[in-house]
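Colleague: predicted structure and sequence below. I'll ask about it afterward.
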Amino acid sequence: MSSSRTNDSRKKYLPEVPHLPNRAEEGWGSDRIARMLHALDLPYLSFNPGASFRGLHDSLVNFLGNSKPQMLLCLHEENAVAIAHGYAKVTGKPLAVALHSNVGLMHAAMAIFNAWCDRVPMIIIGATGPVDAAKRRPFIDWIHTARDQAAIVRHYTKWDDQPASVAAAEESLLRGMQLSTTAPCGPVYIVLDVSTQEEPFAGTQDLPDVSRFKTIPPPAPDPDILREAARLLSGAKSPVILSGRVSRSTQAWQERIQLAEQLNAYVFTDLKVGASFPSEHELHVMPRGMFISKESLGKLRDADVVLSLDWVDLAGTIKQAWPDQQCPAKVIQVSVDHQLHNGWSFDYMPLPPVDLHLAVTPDAAVPLLRGQLPKAKRSYGNANPNAVESFSGEIKIAEIAATLRGAVRDQPVCLSRLPLSWDGSYWPFSNPLDQLGHSGGGGVGSGPGMSVGAALALKGSGRIPIAIIGDGDFLMGVTSLWSATHYQIPMLIVVANNHSYFNDEVHQEHVARKRNRPVENRWIGQRIADPEPDIVMLARAQGAVAFGPVTSRAQLKSTFDEAIEAVLAGETVVVDVHVAPGYAPTTVAALTET
């Protein structure tokens, strides 16, 4: 294994505090816009620099003093959005993101789609060359100006606007913040004309009172539907709860536990979304990965009432349980997700058969349902299914999990990203921040940036941010680590390095078998080898502490012990572990099912 640490002489981050000789009075349109961002209490603005928002950039630095929002420099626009996405997954709150004109927006588009599919809030500020053609500089202002820039992402943002004045921009930001943070949450996109930013502003009117433009609270459920739902659940002999998109609230976590115990209901979770129920609770059906296992589906088939708490792909799950017949169970859906569905993307999944629909968030519905149900008839404990495994051959993902758990001991951890090969039994979840889910839109390359954003949100919390990601995901998003090291964000990324885009090897094998062709060729065009990218050097190039490659289990424990020690000392850390390729049978079946 190569030397563990980066160059010890690298400079430590110095707070980017500007000199402010002329801060007293606002005099430009962008100054007023910056004040509104400050009033909205946005702590950070992640960005890659661009001339189209140079006016706003100046105001954030020389007018606001680079404070609330503090600027987070990123090396790619996709990273800027991914960092905001990861931050929102922890806090439930948005960051601001600035994207340079149409070209920056196109770079960021996939990350915006991830945020949309994951239903997280985000305030994205775009910018454009002068809308007034007479004001455009030759060449560059023409290619960086679009007639309808937001059209690039309109199908996967919640709302967009292109205000034509400072006053209109103020209202756009107020409306955007309100819409983005009102359930179902999602990113919004606001385009600022460079002229609006850079022209003098002589207004003296006070900023609007932002407290009068708050997030719209979730509505109360229809009383009749709520009573009927409670009646069905209380009369059920074998109810099942599908726990999907919920908040990171610890109070809501406890409410879900109490609801399950009142109903004596099995609870399903999966790894596509964050932890929503204690994984070792005796009512929990252990997740085996991103998809439900066959043994778990047996418990769902026995259900007479199914309560969906904003479960992702409810119809698909029901079809898995009852592939050859209509669902015989009564289905209660608790979700407001239907409010976002449009005709461009099919992220809304198939239309589920639903008997009762409570059009509220799970956090709003669960306490009210509990109030209409009898108390739990007994106390519940934990059922620990984790067996001690013995390992041989190449390093497995299960061995990474077991060794990491030993290294962190009793310290709280946030698993900000897990690979497709992860089995839910590898690590117990007892808190909503123990695991954050996946990318939302399945975009490869999002893992590093989202992990940085999650670690930023957790900085100073005492919880260790850990991401376990594949080599392909890491290689696409590695430059996001520069932002982590620059802003001294402690975190650990373990690269589960199988030297392949293995997801596609699985697909190629499936096609070859269907066509009676040699499966031995599945690796061609998939393997990341000859040469193998140097994960450790790439991490060090971003300023991170890096270990590896770890190629034997004899190295694993000591490496993870040293890595955790470095994270606790405030470092951004990467460990490259060479692992055996392979997925659980449940994952393979879900990926290749036709």
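Modeller: Right, received. Where do you want to start?
Colleague: list the residues that contact Leu368.
Modeller: Ala220, Pro221, Leu226 (CB atoms under 8 Å, 6 or more residues apart in numbering). Where C-beta positions appear, they are placed from N, C-alpha and C, glycine not excepted.
Colleague: in PyMOL, select just the buried ones from those.
Modeller: This is the PyMOL syntax for the buried subset of the contacts of Leu368, where burial follows 16 or more other CB atoms under 10 Å:
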select buried, resi 221+226
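Colleague: of the contacts of Leu368, closest to Ile400?
Modeller: Nearest to Ile400 among the contacts of Leu368 is Pro221, at 43.0 Å by CB to CB.
Colleague: the strands in the stretch 201-350 of the chain, which residues?
Modeller: Using DSSP state E, counting those that start in this stretch, the strands of the stretch 201-350 of the chain run over residues 239-243, 266-268, 284-285, 305-309, 330-334.
Colleague: which residue is most remote from the mean position of this protein?
Modeller: Ala134 (42.1 Å; CA atoms, centre = their mean).
Colleague: for the strands of the stretch 201-350 of the chain, which one sits closest to Ser416?
Modeller: Among the strands of the stretch 201-350 of the chain, strand 239-243 sits nearest to Ser416 (CB to CB), with 19.5 Å.
Colleague: partners of the closest one, with directions?
Modeller: Here strand 239-243 is paired, per DSSP bridges, with strand 266-268 (parallel), strand 305-309 (parallel).
Colleague: picking that back up, among the contacts of Leu368, which lie within helices?
Modeller: Leu226 (DSSP state H).
Colleague: out of the strands paired with strand 239-243, deepest packed?
Modeller: strand 305-309 (a mean of 27; mean count of other CB atoms under 10 Å).
Colleague: got the contact list for that strand?
Modeller: By CB under 8 Å, 6+ apart, strand 305-309 touches 229, 232-233, 236, 238-246, 256, 265, 276, 300, 314, 318, 327, 329-335, 352, 362, 365-366.
Colleague: Arg370 against Ala260, yeah?
Modeller: No: using CB atoms under 8 Å, Arg370 is not in contact with Ala260; the gap is 10.2 Å.
Colleague: neighbour count: the two, which is higher?
Modeller: Ala260 (26 against 17; other CB atoms under 10 Å).
Colleague: how about the contacts made by the more buried one?
Modeller: So Ala260 contacts Ile241, Val267, Phe277, His281, Leu283 (CB under 8 Å, 6+ apart).
Colleague: roughly how far apart are it and Phe113?
Modeller: Distance check for Ala260 against Phe113: by CB to CB, to the nearest Å, it reads 33 Å.
Colleague: what do you get for Trp344?
Modeller: Trp344 sits 11 Å away from Phe113, going by CB to CB.
Colleague: these two: who's more crowded?
Modeller: Using other CB under 10 Å as the criterion, Trp344 and Phe113 rank with Phe113 on top: 24 against 9.
Colleague: flag every buried residue along the strand or helix carrying that one.
Modeller: Secondary structure from DSSP states H and E places Phe113 in helix 101-117. The neighbour-count check on helix 101-117 (16+ other CB under 10 Å) flags 101-102, 104-105, 107-117 as buried.
Colleague: so what's the residue count around Ile225?
Modeller: 15.
Colleague: contacting residues for it?
Modeller: With CB under 8 Å, 6+ apart, Ile225 has these contacts: Leu356, His357, Leu358.
Colleague: what does Asp304 give?
Modeller: Ala236, Lys237, Ser238, Pro239, Pro328, Ala329, Lys330.
Colleague: and the gap between it and Thr269?
Modeller: Counting by CB to CB - Asp304 and Thr269 are separated by 21 Å.
Colleague: leaving out sequence neighbours, find the closest residue to Gly472.
Modeller: Spatial nearest neighbour of Gly472, chain neighbours left out: Tyr501 (4.9 Å); criterion: CB to CB, 6 or more residues apart in numbering.
Colleague: give me the below-cutoff pLDDT ranges for the stretch 251-400 of the chain.
Modeller: Residue ranges of the stretch 251-400 of the chain with pLDDT under 70: 288, 384-390.
Colleague: try the chain
Modeller: In the chain (pLDDT under 70), the answer is 1-15, 19-25, 288, 384-390, 584-594.
Colleague: switch the cut-off to 80
Modeller: 1-15, 17-26, 203-204, 286-289, 294-295, 384-393, 582-594 (pLDDT under 80).
Colleague: what segments of the stretch 51-200 of the chain are helices?
Modeller: Along the stretch 51-200 of the chain, the segments classed as helices by DSSP state H, counting those that start in this stretch run 54-58, 77-91, 101-117, 140-143, 166-181, 194-198.
Colleague: ok, and what's touching the last one?
Modeller: If I follow you right, that is helix 194-198. So helix 194-198 is contacted by 28-30, 33, 51-56, 59, 127-132, 135, 141, 163-166, 169 (CB under 8 Å, 6+ apart).
Colleague: what about stretch 290-298, start to end distance?
Modeller: Using CA to CA, to the nearest Å, the end-to-end distance of stretch 290-298 comes to 17 Å.
Colleague: that older thread, determine which two of the contacts of Asp304 are furthest apart.
Modeller: Using CB to CB for every pair in these, the one that comes out farthest apart is Pro239 and Pro328, at 13.7 Å.
Colleague: those two - which one has more neighbours?
Modeller: Neighbour count, other CB under 10 Å: between Pro239 and Pro328, Pro239 has more, with 23 against 10.
Colleague: with adjacent residues omitted, what lies nearest to the more buried one?
Modeller: Nearest residue to Pro239 in three dimensions, chain neighbours excluded: Ala265, at 4.1 Å (CB to CB, 6+ apart).
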